[in-house]
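Engineer: sequence? don't have it. structure:
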């Protein structure tokens, strides 16, 4: 059974930084495409960043390019999202999912993790 557990969110001022983690289990982590997605208040899910097919190359939404960095630790089966220069519009609940930027929503049978709340406010 796939398990995804997000952590690391919090309250941060505009311009601040946070590092999110997603601990995974239940599938072959290496070479698996993974993504971070988010749901802002009163909005739908938005893809943010991810690894492509093969699990190596990275891609970012235009809204976070240059500010966010996705990475992965193969020894810990964990992916990360380093978020810098945070803006109020980054406020959302962040989730990790299996899949690249066009397929992150193609596994509806995978359980959703708890998500981690990021609030950017002064």
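Structural biologist: Here it is on my side, so go on. These figures come from a predicted structure and were not determined experimentally.
Engineer: which residues does the residue most central in space within the chain contact?
Structural biologist: In the chain, the C-alpha nearest the mean C-alpha coordinate belongs to residue 36, at 2.3 Å (CA atoms, centre = their mean). For residue 36, the contact set (CB atoms under 8 Å, 6 or more residues apart in numbering) comprises 20, 22, 47-50, 70, 79, 81, 94-97. For the C-beta atoms, the positions are set from N, CA and C on the backbone; glycine is no exception.
Engineer: tell me the buried residues in the helix or strand it falls within?
Structural biologist: Using DSSP states H and E, residue 36 sits in strand 34-39. Within strand 34-39, the residues that count as buried by 16 or more other CB atoms under 10 Å are 34-38.
Engineer: model confidence over the helix or strand following it, on average?
Structural biologist: Downstream of strand 34-39, the first helix or strand assigned by DSSP H and E is strand 45-51. Mean per-residue pLDDT for strand 45-51: 96.
Engineer: which strands and helices sit next to strand 45-51?
Structural biologist: Contact here means 3 or more CB pairs under 8 Å, 6 or more residues apart in numbering; DSSP states H and E; on that basis strand 45-51 packs against strand 34-39, strand 58-60, strand 68-73, strand 78-83, strand 92-98.
Engineer: buried set for that strand?
Structural biologist: Within strand 45-51, judged by 16+ other CB under 10 Å, the buried ones are 47-51.
Engineer: residue 115: which of the residues you listed is nearest?
Structural biologist: residue 48 (12.6 Å; CB to CB).
Engineer: hang on, the earlier thing: would you turn the contacts of residue 36 into TSV with distance to residue 61?
Structural biologist: Converted to TSV, the contacts of residue 36 look like this (distance: CB to CB, whole Å):
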residue	distance to residue 61
20	15
22	17
47	6
48	5
49	7
50	9
70	11
79	16
81	12
94	13
95	14
96	15
97	14
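Engineer: any idea which of these is closest to residue 114?
Structural biologist: residue 95 (8.7 Å).
Engineer: just give me the neighbour total for that closest one.
Structural biologist: Neighbourhood size, residue 95 [other CB atoms under 10 Å]: 22.
Engineer: tell me who's in contact with the closest residue to it other than its chain neighbours.
Structural biologist: Closest residue to residue 95 apart from its sequence neighbours, by CB to CB, 6 or more residues apart in numbering: residue 115 at 4.8 Å. For residue 115, the contact set (CB under 8 Å, 6+ apart) comprises 6, 39, 93-95.
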